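Novice: For reference, the sequence and a predicted model appear below.
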Amino acid sequence: MTQNIGELQVDFVSGAVAHRLRFGGGRKQDLPKAMGFRSGITPTIVDATAGLGRDSFLLASLGAHVTMIERSQEMHALLAQGMERALNEGGEFRDIIGRMTLIKGDAKQVLPELKCESILIDPMHPPRKNSALVKRELRQVREIVGTDDDAVELMQVALKHAQKRVVLKWPAKADPMNGIRKYSHQILGKSTRYDVFMINPS
Ligand SMILES: C[S@@+](CC[C@H](N)C(=O)[O-])C[C@H]1O[C@@H](n2cnc3c(N)ncnc32)[C@H](O)[C@@H]1O
């Protein structure tokens, strides 16, 4: 499907992911905060848009059990290989991968069959004008999967089936997603923001 797929790898044991594991800032990072990590509280997570598995790996490295859903055959295969390599690395990688479960399928169909405490949604959004700033790996993923034009429908399914919260990872400056209810709160980073939708907040 793409000339670049041969180069793209899911690599949990070296490079950016491993660096973040060592120096990333643990539970204080925006993503774990958005997903509901607190001192003494570790949520159970469904990552409905697994992609390169980076977010799932980070969350699992902080102790969460993460169910990952990926519908692209190519991305699913790359993820499975990356998980296998990390498992063979042993040590803490074996422990982290042991908390990650990978499912192949469309999350719109899979979510209703799962018990979902906290759901993460990180759709492939349309290219930005200054696409030179978009990381090379993300461009390669986009070449494989295209843009996720059904992200609104996926959010609707997630909001219906999550028990505690749904988190939408979205470009910091993008408008809120149309066609869904308003977020409960936002966590704003430099280029990325997290729109957090609490379910039945008390
Ligand atoms: C932007 S990437 C996610 C990157 C990921 N958060 C990471 O840390 O590597 C989006 C991925 O979600 C997948 N995806 C989008 N909609 C999906 C759906 N409804 N069901 C399953 N996978 C989906 C795409 O195929 C793509 O691989």
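Specialist: Nice, thanks for sending it over.
Novice: And the residue of this structure that's closest to the ligand?
Specialist: residue 51 (2.5 Å; Cβ to the nearest ligand atom). (Glycine included, C-beta is placed from N, CA and C.)
Novice: Could I get the pLDDT score of that residue?
Specialist: As predicted, residue 51 sits at a pLDDT of 96.
Novice: Then residue 142?
Specialist: What the model reports as pLDDT for residue 142 is 88.
Novice: And for the one 4 residues further on?
Specialist: Residue-level confidence at residue 146 comes out at 87, pLDDT.
Novice: check contacts around it.
Specialist: Listed by Cβ atoms under 8 Å, 6 or more residues apart in numbering, the contact set of residue 146 reads residue 124.
Novice: Look up how far residue 83 lies from it.
Specialist: Distance, residue 146 to residue 83, using Cβ to Cβ, to the nearest Å: 24 Å.
Novice: and what of residue 59?
Specialist: Separation of residue 59 from residue 83 (Cβ to Cβ): 14 Å.
Novice: Compare the two (neighbour count), which wins?
Specialist: With neighbours defined as other Cβ atoms under 10 Å, residue 59 and residue 83 compare such that residue 59 has more, 27 against 22.
Novice: contact partners of whichever strand or helix holds that one?
Specialist: Secondary structure from DSSP states H and E places residue 59 in helix 54-61. The contact list for helix 54-61 (Cβ under 8 Å, 6+ apart) reads 12, 16-17, 20-21, 24, 29, 31-32, 35, 45, 47, 50, 66, 68, 92, 96-97, 99-100, 120, 122, 169.
Novice: Contacts (any at all) between the ligand and the helix or strand just after it?
Specialist: Next along the chain after helix 54-61, taking DSSP H and E as the criterion, comes strand 66-70. Yes. Strand 66-70 lies within reach of the ligand by Cβ under 6 Å from any ligand atom, at 69-70.
Novice: what's next to strand 66-70, contact-wise?
Specialist: Strand 66-70 is touched from outside by 45-51, 53, 56, 59-60, 76, 79, 99-107, 110-111, 114, with contacts defined as Cβ under 8 Å, 6+ apart.
Novice: Any idea how far it is from the middle of the chain?
Specialist: Strand 66-70 has its C-alpha centroid displaced from the chain centroid by 8 Å (Cα atoms, centre = their mean, to the nearest Å).
Novice: Check whether stretch 111-127 comes near the ligand.
Specialist: Yes. Against the ligand, stretch 111-127 shows contacts by Cβ under 6 Å from any ligand atom at 122-124.
Novice: This protein against the ligand: which residues are in contact?
Specialist: Counting by Cβ under 6 Å from any ligand atom, the chain comes close to the ligand at 48-49, 51-55, 69-72, 75, 106-108, 122-124, 141, 145, 148, 154.
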